[in-house]
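J.: Give me coordinates for this.
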Amino acid sequence: MTYFSEDKKLSIRDIKEIDIEIIRGWRNQAEIKQYFINTDMISKQQQQQWFADYLNKKNDKMFMIQEHEHFKSAIGTTALYNINTPKNSAEFGRLMIGHIPAQRKGLGTQATILTCKYAFERLNISEIYLYVLAHNIRAVELYKNIGFVPLNIQNNKIYMVLNKKMFLA
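T.: Numbers count the residues shown, from 1 in each chain. You can find the predicted model right below:
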């Protein structure tokens, strides 16, 4: 599955086994891992086990972000997980622009919007929620600008929600 932005400059696609070492390399970068709840270095074996576990989850969709204009390559990841069909909800996360030259160019925002559109239009989700570390100011602002509303803060994590009607309005 590949899902394109309207201008075709960005897409998200399902991750594949060939992607997991690229993801691990990005995830282990100091400037990236500081924004994850688990900041430990990830070994090749741990990454392979994570991917095997991921393949068995029916309520988890992780995507590679592909940029088609300047970098013409995979630049990061995004995901929808804890997909709950009866409640029409899903959790957003694992947003990472791992290709450092692609950072601070608005691509994380575009990828988040694209992932939310996919959830609302293809999965018929009505609400997306997320948890973000309070010190990750860039991410908090990104989510607010898209329409996520902060509902509470607990254990240094902000809980935010995006409603389909508000997003598509």
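J.: Which helix or which strand is home to Met64?
T.: strand 60-67 (DSSP states H and E).
J.: Now do stretch 23-35: everything it contacts.
T.: Contacts with stretch 23-35, where a contact means C-beta atoms under 8 Å, 6 or more residues apart in numbering, come from 15, 36, 39, 41-42, 44, 47, 64, 76-77, 96, 98-100, 133, 136, 139. C-beta coordinates here come from the backbone N, C-alpha and C atoms, glycine included.
J.: residue ranges for the helices of this protein, please.
T.: 20-27, 30-33, 44-55, 107-121, 137-146, 164-168 (DSSP state H).
J.: The longest one packs against which elements?
T.: Contacting helix 107-121 under the criterion 3 or more C-beta pairs under 8 Å, 6 or more residues apart in numbering; DSSP states H and E are the following elements: strand 2-4, strand 10-14, strand 60-67, strand 73-84, strand 89-97, strand 127-133, helix 137-146, helix 164-168.
J.: hmm, try it at 7 Å
T.: Using 3 or more C-beta pairs under 7 Å, 6 or more residues apart in numbering; DSSP states H and E as the contact test, the elements touching helix 107-121 are strand 10-14, strand 60-67, strand 73-84, strand 89-97, helix 137-146, helix 164-168.
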